[in-house]
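# For reference, the sequence and a predicted model appear below.
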Amino acid sequence: MTVYMATAVEGSRPGLNITIFAIFVVITLGIVFWASRDTRTATDYYAAGRAFSGPQNGIAISGDYLSAASFLGIAGAIALSGYDGFLYSIGFLVAWLVALLLVAELLRNTGKFTLGDVLAFRMRQRPVRAAAATSTLAVSLFYLLAQMAGAGVLVSLLLGVSGGAGQNLVIAVVGAIMIVYVLVGGMKGTTWVQIVKAALLIAAAGAMTVWVLARYGMNLSSLLQDAVDHGGKVGEKLLEPGVKYGKNGTSKLDFLSLALALVLGTAGLPHVLMRFYTVPTAKDARRSVVWAIGLIGVFYLFTLVLGYGAGALVGPEKIAKAPGKENAAAPLLALELGGPVLLGFVAAVAFATILAVVAGLTITASASFAHDVYANVIKRGSPDAKDNEVTVARITAVVIGALAIVGGILAKNQNVAFLVALAFAVAASANLPTLLYSLFWRRFNTAGALSSIYGGLAVTIVLIVFSPAVSGTPTSMIKTMDFHWFPLANPGLVSIPVSFAFGWLGTVLSSERNNAKYAEMQVRSLSGIGAEKK
């Protein structure tokens with residue numbers, strides 16, 4: 001996702017867009033203050049008192065997962081690249097099968113609040129929790145920077161705020177609202193915001209989908225044919241693979257690497273995993289994922305129609321020349337269908353998407369620091385630490401929010417796609433191998449966990465820094481220099497296997513064994529006996 005300094009979309013009314021967004025903010029702030037009435041304990045703050053049902057949590061998960069990139073980015077990718085653009089949706093959706101089959105129930109039964117709870121269950125507590133917190137903070141901060149910088153795209157694209165100062169102000173406002181959500185509402189308030197946002201996003205996408213199909217007599221084939229007719233040089237290729245990936249061997253490997261990171265990264269994203277603790281039982285955690293898969297799958301089917309609809313009704317040339325380029329596809333389609341009012345609603349939903357996602361990321365990062373680092377590493381799990389844990393989490397949320405605002409401002413004029421890629425790649429390379437080894441490999445030990453987390457994190461960052469995502473191409477973050485030697489923009493194809501290898505090597509080189517704890521972990525993860533209920 002690249003930020004472009006430009007005027008608003010032609011035909012939009014920035015004042016109307018801001019008004020609709022302000023109404024949403026006022027409503028959600030009211031919900032957050034209402035939800036905060038029952039936030040008293042650490043369980044309330046981190047896990048919403050485990051009071052949400054499976055369907056409610058599934059809707060919140062979809063709200064947490066469907067970012068602005070899913071709405072604006074994928075629709076634009078389909079409009080310009082057709083089949084290849086839709087492959088992003090496939091990767092994001094299939095990833096949930098990994099979470100459903102391998103992670104959701106076992107994680108809910110084994111942990112309490114964070115990923116560190118699971119990874120440290122049968123290991124030495126302090127070093128493993130510190131490593132888990134490091135990985136969680138890395139993923140969360142990179143993801144936060146991408147979302148905050150993405151606010152800059154929406155500013156120029158939808159609100160007509162040009163100039164650095166105006167964009168900086170909007171990024172700061174988004175960050176401030178996010179901090180209020182987390183400070184006041186905790187996980188319960190954040191969850192309700194995500195539920196409202198998911199409902200708005202899916203409803204908006206669904207309404208636009210029906211509207212587009214109605215233009216073609218509810219005939220998808222007619223829509224696809226019109227998209228091909230207006231596809232310019234691409235034409236028929238919009239319905240075939242190879243427009244974006246397939247020009248040469250490297251681009252195919254790039255897609256394979258990206259797909260691997262997307263499919264495996266979701267099950268290692270800390271802000272997604274933390275949502276499994278907001279339900280009372282493992283059964284509800286499984287139901288959450290089933291609901292999330294259904295809603296996310298329906299949404300991505302909507303993006304298929306929206307993408308081809310934008311290509312047919314707006315045209316790829318107009319999209320490519322608009323502020324934000326392919327990110328403008330969905331807003332331009334809204335303007336074409338319903339004029340400035342529908343565009344204003346789409347603008348508000350896009351901003352709501354950013355707010356909900358960054359709030360989820362912030363509470364996850366603050367919980368990891370307060371629960372894993374402060375309470376269990378610094379204070380060694382003392383009773384006093386538990387009393388102060390929520391206070392530390394709130395202070396951490398303010399610090400992380402401030403860092404996200406500053407980072408978003410600094411990155412607003414840069415290509416920030418590599419930040420999203422890095423977040424997914426770190427989650428897939430550092431978190432998922434360690435999590436799977438912890439749950440399923442009896443011999444796995446502390447040395448293996450540390451090797452997997454730190455090794456995966458280091459390899460991923462090094463490969464990203466020396467990849468085309470950072471330097472060496474016209475779309476790189478640093479366009480004036482070329483120091484890349486790694487050929488792939490996403491390191492997943494290399495970093496994920498290497499991380500698994502690090503975990504195996506660290507384990508076999510260490511003599512540490514704890515078979516009794518592994519047996520206890522198996523019983524708890526599979527049966528729920530001894531799992532946290534409150």
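The structure has been received and is ready for your questions.
# buried ones in the host helix or strand of Ala204?
In this assignment (DSSP states H and E), Ala204 forms part of helix 186-215. By 16 or more other Cβ atoms under 10 Å, the buried positions in helix 186-215 come out as 186-198, 200-202, 204-205, 207-209, 211-213, 215. Just so you know, the C-beta spots here come from the backbone N, C-alpha and C atoms, and that holds for glycine as well.
# Tell me the first helix or strand C-terminal of that helix.
That would be, after helix 186-215 and using DSSP H and E, helix 220-229.
# Quick check: which helices or strands does that next one pack against?
If you count contacts as 3 or more Cβ pairs under 8 Å, 6 or more residues apart in numbering; DSSP states H and E, helix 220-229 packs onto helix 186-215, helix 282-313.
# I'd like the distance from it to the chain centre, please.
Its chain's C-alpha centre and that of helix 220-229 lie 31 Å apart, by Cα atoms, centre = their mean, to the nearest Å.
# CA-only coordinates of the helix or strand that it is followed by, as PDB, when you get a sec.
Counting by DSSP H and E, the next helix or strand C-terminal to helix 220-229 is helix 249-265. C-alpha atoms of helix 249-265 as PDB (Å, rounded to 0.1, in the frame of the first residue of the first chain):
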ATOM      1  CA  GLY A 249      10.300 -17.400 -12.100                       C
ATOM      2  CA  THR A 250      10.900 -14.800  -9.400                       C
ATOM      3  CA  SER A 251       7.400 -13.400  -9.500                       C
ATOM      4  CA  LYS A 252       6.000 -16.900  -9.100                       C
ATOM      5  CA  LEU A 253       8.200 -17.600  -6.200                       C
ATOM      6  CA  ASP A 254       7.300 -14.200  -4.800                       C
ATOM      7  CA  PHE A 255       3.600 -15.200  -4.800                       C
ATOM      8  CA  LEU A 256       4.400 -18.600  -3.300                       C
ATOM      9  CA  SER A 257       6.300 -17.000  -0.500                       C
ATOM     10  CA  LEU A 258       3.600 -14.400   0.100                       C
ATOM     11  CA  ALA A 259       0.900 -17.100   0.100                       C
ATOM     12  CA  LEU A 260       2.800 -19.200   2.600                       C
ATOM     13  CA  ALA A 261       3.300 -16.200   4.900                       C
ATOM     14  CA  LEU A 262      -0.400 -15.300   4.700                       C
ATOM     15  CA  VAL A 263      -1.700 -18.900   5.200                       C
ATOM     16  CA  LEU A 264       0.600 -19.700   8.100                       C
ATOM     17  CA  GLY A 265       0.900 -16.200   9.500                       C
END
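# Next one: Ser452 relative to Gly265, how far apart?
Using Cβ to Cβ, to the nearest Å, we find Ser452 at a distance of 15 Å from Gly265.
# hang on, the earlier thing: need the helices and strands packed on helix 220-229 in JSON lines with distance to Gly235, can you?
Below are these laid out as JSON lines (distance: least, Cβ to Cβ, whole Å):
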{"stretch": "helix 186-215", "distance to Gly235": "20"}
{"stretch": "helix 282-313", "distance to Gly235": "11"}
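# Same list, those, but as a markdown table with mean pLDDT and distance to Thr19 please.
Putting the helices and strands packed on helix 220-229 into a markdown table (pLDDT from 0 to 100; distance: least, Cβ to Cβ, whole Å) gives the following:
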| stretch | mean pLDDT | distance to Thr19 |
| --- | --- | --- |
| helix 186-215 | 90 | 16 |
| helix 282-313 | 91 | 24 |
